[in-house]
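Student: structure of the sequence below:
(one chain, ligands or ions: 1)
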Amino acid sequence: MQPNNISIRNKLILMQVFTSLIVLGLCFGIFIITDIRSYKLRKENDLLSLAQLLGTSNISAIEFQDNEAANASLADLQHMSDDIVHATIADKNGKLFARYKKPGVQIGEIPPSLSRRKSLFTDNRFYVASNIVSGNEVIGRIYIESELSELALIRRNKIEIAGILLVAAIILSFLIAVVIQTYISRRLLNLVNTMQNVSSTGNYDQKIANSGKDEISILVKEFNHLLEEVKLNQQRKDEFIGIASHELKTPLTSVKGYTELLNMIEDKQPNKQYVQKVLQNVIKLEKLIQDLLDVSKIQSGQLELTMKEFDVDQLIDETINSVQMITGTHSITRETTSGNVTISGDRQRIEQVLTNLLSNAIKYSPGENKVSVSSSKTDKEVIIKIRDYGMGVAKDERQTIFERFYRAKGTSITISGFGLGLYICRDIIKRHKGNIWVEEEGEKGSAFYFSLPLEQNGRIH
Ligand code: ADP
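Tutor: Residues are numbered from 1 along each chain as shown. Here you go, the predicted structure:
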């Protein structure tokens, strides 16, 4: 698993548990080693004292070559310690003088290195050796061999206790980590959720409650500050768009009026053709400015609807006729009708929605020649569908194309536009308590739908 895929919460928990594991493991290791070393030291001292005592008590036996007495004194070891399995007294020439062997125990040779040293630990045996001195003369050497069963037991016990303590400490450390990390990650998660929410809804009014001075608090503070800034900039931009489009509208209306007048009185070619070109572009500009004005009205909540009753099918037919008049490429056909339903709504705004969807259907199906419109009625609503056979809308963009200034990736380079039309349409439909959406249709193209709710008697709320 990639480290970047593990959540911060789990990373922090793992870090804390591993740190505890390493620190406690080291502490227990040192503790066991020290304990075993002090046990060995104690054991060495005890056995060496015993060897010296036995050596001293056997001086006369060696001097008088009394093997029996020496063997008898070594045999007493059987009662002194259960661990001692073997003891040997050698004379000054290294020749065996007396020996004790614990019955039933397999005994090997005394390691040769013991002729030069006082003690020796092997895997399961411990040896000590001590000179037997009479006056200033070394008259012999005593060796004692002891089992280390007690050491193995001590070692096993210590490791068991350390293991149990380690597991308990790790569990405790895990629980503490979970509690602390939940506190940290809850705040981070809250931040992440708010960020995702802001980016998906575009609502910059959200603020995260914040107190404290740690790094997360600073992050939250900066994020809140950033949101404020973005909101302020949005407001400034919206204000600018509102003022600019308002200021542009008045002179443009006058330019349009005079151009229309010129178009009426001018007969000569190519002048008439030029005037008509100017008029076409002025109409385009007028549409853009109107869209910008609508957007700024939506933003400031000032887009008002004038509700009146009207016949939906009649409006659809009229709109098709007026769009058909200005398109030379496509034929707009009417498929089904909803049976002359009357609804209460803003007729002009619904016409704006229809015009926009029809213009888009034509604009985004270059090279094609048809667009079809149908309407149907259910118990609750009337649904209008505008179907084209053009480039269609990619699945992942079917929501986003309704956002302000959004233009689909495939179309934005080849076909001009500002990404405002669908945003305005969605707002108008929402204000009528309806829905607007796009679906994939057939092999080619797309179908834009919008619904307007009806009352039981066929009228809108
Ligand atoms: P504009 O057309 O000015 O770009 P709109 O808000 O009307 O703005 O449309 C937003 C985007 O949705 C367009 O840029 C286009 O990519 C996509 N779109 C709209 N209508 C259609 C359609 N009928 N077929 C394919 N794509 C469409």
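Student: for Thr327, which residues are in contact?
Tutor: Contacts for Thr327 were tallied using CB atoms under 8 Å, 6 or more residues apart in numbering; they are Ile362. C-beta here means a position set from N, CA and C on the backbone, and glycine is covered the same way.
Student: which residue does the stretch 151-300 of the chain bring closest to the ligand?
Tutor: Asp291 (8.0 Å; CB to the nearest ligand atom).
Student: what helix or strand is Tyr183 on?
Tutor: helix 149-201 (DSSP states H and E).
Student: by contact count, what packs against that helix?
Tutor: Using 3 or more CB pairs under 8 Å, 6 or more residues apart in numbering; DSSP states H and E as the contact definition, the elements that helix 149-201 packs against are helix 8-57, helix 215-265.
Student: can I get these in CSV including distance to Thr342?
Tutor: Listed next are the helices and strands packed on helix 149-201 as CSV, based on distance: least, CB to CB, whole Å:
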stretch, distance to Thr342
helix 8-57, 58
helix 215-265, 33
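Student: now render these as JSON lines, adding mean neighbour count and distance to Ile139.
Tutor: As requested, those are exported to JSON lines (neighbours: other CB atoms under 10 Å; distance: least, CB to CB, whole Å):
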{"stretch": "helix 8-57", "mean neighbour count": "15", "distance to Ile139": "9"}
{"stretch": "helix 215-265", "mean neighbour count": "14", "distance to Ile139": "79"}
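Student: show me where the protein dips below the pLDDT cut-off.
Tutor: 1-2, 412, 455-461 (pLDDT under 70).
Student: one more time with 80, if that's ok
Tutor: With pLDDT under 80 as the threshold, the chain has low-confidence stretches at 1-5, 8-9, 108, 123, 149, 200-202, 210-211, 340, 410-413, 455-461.
Student: for the residue of it positioned farthest from its centre, grab phi and psi.
Tutor: Relative to the mean C-alpha coordinate of the chain, counting by CA atoms, centre = their mean, the farthest residue is Phe64 (89.5 Å). Dihedral angles of Phe64 (phi, psi; degrees, to the nearest 10) stand at phi -100, psi 10.
Student: helices or strands up against the strand or helix carrying Ser376?
Tutor: Assessed by DSSP H and E, Ser376 sits inside strand 370-377. Contacts defined by 3+ CB pairs under 8 Å, 6+ apart place strand 370-377 against helix 312-326, strand 331-334, helix 347-363, strand 381-388.
Student: and it, anywhere near the ligand?
Tutor: No - Strand 370-377 stays clear of the ligand (CB under 6 Å from any ligand atom), getting no nearer than 8.8 Å.
Student: ok, and for that strand, which residues are buried?
Tutor: Lys370, Val371, Ser372, Val373, Ser374, Ser375, Ser376, Lys377 (16 or more other CB atoms under 10 Å).
Student: again with stretch 57-69
Tutor: In stretch 57-69, counting by 16+ other CB under 10 Å, buried: Asn58, Ala61, Ile62, Asp66, Ala69.
Student: now do stretch 119-128
Tutor: Here stretch 119-128 shows Ser119, Leu120, Arg125, Phe126, Tyr127, Val128 as buried, counting by 16+ other CB under 10 Å.
Student: filter the residues you listed down to the ones near the ligand?
Tutor: Checking the buried residues of stretch 119-128 against the ligand (CB under 6 Å from any ligand atom), there are no matches.
Student: any chance of a markdown table for these, columns distance to Tyr364?
Tutor: Formatted as a markdown table, the buried residues of stretch 119-128 follow (distance: CB to CB, whole Å):
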| residue | distance to Tyr364 |
| --- | --- |
| Ser119 | 96 |
| Leu120 | 95 |
| Arg125 | 94 |
| Phe126 | 94 |
| Tyr127 | 98 |
| Val128 | 100 |
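Student: strands - which of those residues land there?
Tutor: Ser119, Leu120, Arg125, Phe126, Tyr127, Val128 (DSSP state E).
Student: surely Lys409 touches Ile401?
Tutor: No - taking contacts as CB atoms under 8 Å, Lys409 lies outside contact range of Ile401: 10.4 Å.
Student: more neighbours, those two?
Tutor: The residue with more neighbours, out of Lys409 and Ile401, is Ile401; 21 against 9, by other CB atoms under 10 Å.
Student: which residues touch that one?
Tutor: Val393, Arg407, Ala408, Gly419, Leu422, Val438.
Student: element containing the fifth one?
Tutor: Spelled out, it's Leu422. Counting by DSSP H and E, Leu422 is found in helix 421-431.
Student: tell me which other helices or strands that helix touches.
Tutor: Checked by 3+ CB pairs under 8 Å, 6+ apart, helix 421-431 has helix 271-299, helix 347-363, strand 435-440, strand 446-453 packed alongside it.
Student: please list the residues of the stretch 1-150 of the chain that sit near the ligand.
Tutor: Counting by CB under 6 Å from any ligand atom, no residue of the stretch 1-150 of the chain sits close to the ligand.
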